[in-house]
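A.B. asks: Quick one, what's the 3D model for this:
(one chain, ligands or ions: 1)
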Amino acid sequence: MSANKNRRIVLVSRPEGEPKPAHFRLETADIPEPKEGQVLLRNLWLSLDPYMRGRMSAAKSYANPVEIGAAMVAGTVSEVVKSNRPEFVPGDIVLSYTTWSDYAISDGPDLRKLDPKLAPVQTALGVLGMPGMTAYTGMRNIGQPKSGETVAVAAAAGPVGSFVGQYAKLKGCRAVGIAGGADKCKYLVDELGFDAAIDHRDPDMPAKLAAACPKGIDVYFENVGGKVWDAVFPLLNDFARVPVCGIIAHYNDVAPPPGPDRTGMLMGAILRRRLTLRGFIVWDFQAQAGDFYREAGQWLREGRIKYREDVVNGLENAPEAFMGMLKGKNFGKLLVKIA
Ligand SMILES: NC(=O)c1ccc[n+]([C@@H]2O[C@H](COP(=O)([O-])OP(=O)(O)OC[C@H]3O[C@@H](n4cnc5c(N)ncnc54)[C@H](OP(=O)(O)O)[C@@H]3O)[C@@H](O)[C@H]2O)c1
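C.D. replies: Reported below is the predicted structural model:
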């Protein structure tokens, strides 16, 4: 990083299908000056998350797209460098929502001070941040797991899925994870205490999933869609709950998949088996943020929730890391260490 310049990564054009390096550009400009009421932040950690694929698209969604030529947005952990607000002083470490950049300006209200003595500050982007809260609120409000039930989750080695499976264990459930590759599956069982883990790339995945769920599935935390959903759906028990959190297998889709329209069959099964499928966005449950910080913080201190980080060094490597995440190359919460 140049001492007196600000690098940022901007969106050059909107991908059709998979994002490629040409969709991003690294630019250098002067470090911005904070105006009255603003603070200047130096980004230390940048969070890379699947939702960013949606921000690259102009399709209607729950949040506005990133404009062409603008810097990609992100959750960041940052250090206050200059402050024109009384509540912040240089040296404060804050959770912020800024951009893929070395420096950023904030108006202040969305900043949350972090105490490095309580937990490593970058956990505010993972297990103690948006992904952890997504898992916690989706399970608490929609999944509602009860002791003895079976909970299945895919993208299970990531920050959302790994929290979901461990939450299921805390509630006395059987936790079955679905992940890409033997290493991730081994980690789920050996280190996180899942009861079983299935590799979604295994051609026998549907049969192996059925064998791992002998009493069917009561809660399926949907992170993926695609062929995992096809394998899970026949196993859903009467009154099963499906928090629909993400469908990463479809984020690069440009057209509906070929094949017959199965909507009628799907709706019929939802009716007969009295299934609950509910989509949600983490901020729907913002009122439960206090509960989340208290409970998740305690579980973390007690070692009852564990987490793993995949750290990439250097802002310039963010696009490649982001593209890799959409293919499962990350193993744990994907973070870019900027400074
Ligand atoms: N609703 C909300 O508010 C909200 C908030 C946060 C996240 N989310 C969603 O939650 C999900 C997980 O997010 P995360 O941050 O924890 O991500 P993550 O697990 O760190 O990364 C995504 C993972 O998805 C898996 N994946 C990618 N393509 C796949 C495919 N075709 N089939 C099966 N698995 C595939 C890969 O893991 P494998 O190696 O295991 O394949 C990849 O590592 C995403 O769908 C995300 O959009 C939703």
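A.B. asks: show me what contacts the closest residue to the ligand within the stretch 51-200 of the chain?
C.D. replies: Closest residue of the stretch 51-200 of the chain to the ligand, Cβ to the nearest ligand atom: Gly158 (1.8 Å). Every residue, glycine included, has its C-beta placed from N, CA and C. Neighbouring residues of Gly158 by Cβ atoms under 8 Å, 6 or more residues apart in numbering: Pro131, Asn223, Asn330, Gly332, Lys333.
A.B. asks: so which two of those residues are the farthest from each other?
C.D. replies: Maximum pairwise distance among those (Cβ to Cβ): 14.7 Å, between Asn223 and Gly332.
A.B. asks: Looking only at neighbour counts, state which of those two leads.
C.D. replies: Asn223 (27 against 18; other Cβ atoms under 10 Å).
A.B. asks: So that one sits against Gly161, correct?
C.D. replies: Yes. The criterion here is Cβ atoms under 8 Å, and Asn223 meets it with Gly161 at 5.7 Å.
A.B. asks: Angles on the backbone of the residue of the stretch 51-200 of the chain closest to the ligand, please.
C.D. replies: phi -80, psi 180 (degrees, to the nearest 10).
A.B. asks: now Ala289
C.D. replies: According to degrees, to the nearest 10, Ala289 has phi -60, psi -40.
A.B. asks: Tell me who's in contact with it.
C.D. replies: Contacts of Ala289 by Cβ under 8 Å, 6+ apart are Met133.
A.B. asks: what about the helix or strand harbouring Lys227, distance to the chain center?
C.D. replies: Following DSSP states H and E, one finds Lys227 within helix 226-232. Computed by Cα atoms, centre = their mean, to the nearest Å, the separation of helix 226-232 from the middle of its chain amounts to 20 Å.
A.B. asks: Also stretch 205-224?
C.D. replies: 21 Å.
A.B. asks: Can you name the residues of the chain that neighbour the ligand?
C.D. replies: 49-51, 131, 134, 154-155, 157-161, 179-180, 184, 200, 223-224, 226, 228, 245-246, 248-249, 280-282, 325, 328, 330, 334 (Cβ under 6 Å from any ligand atom).
A.B. asks: Skipping its backbone neighbours, what lies nearest Leu275 in space?
C.D. replies: Ala240 (5.4 Å; Cβ to Cβ, 6 or more residues apart in numbering).
A.B. asks: Can you give me the pLDDT of the one you found?
C.D. replies: On pLDDT, Ala240 comes in at 98.
A.B. asks: Tell me if I'm right that it and Asp218 touch.
C.D. replies: Yes. The pair formed by Ala240 and Asp218 meets the contact definition of Cβ under 8 Å, at 5.3 Å.
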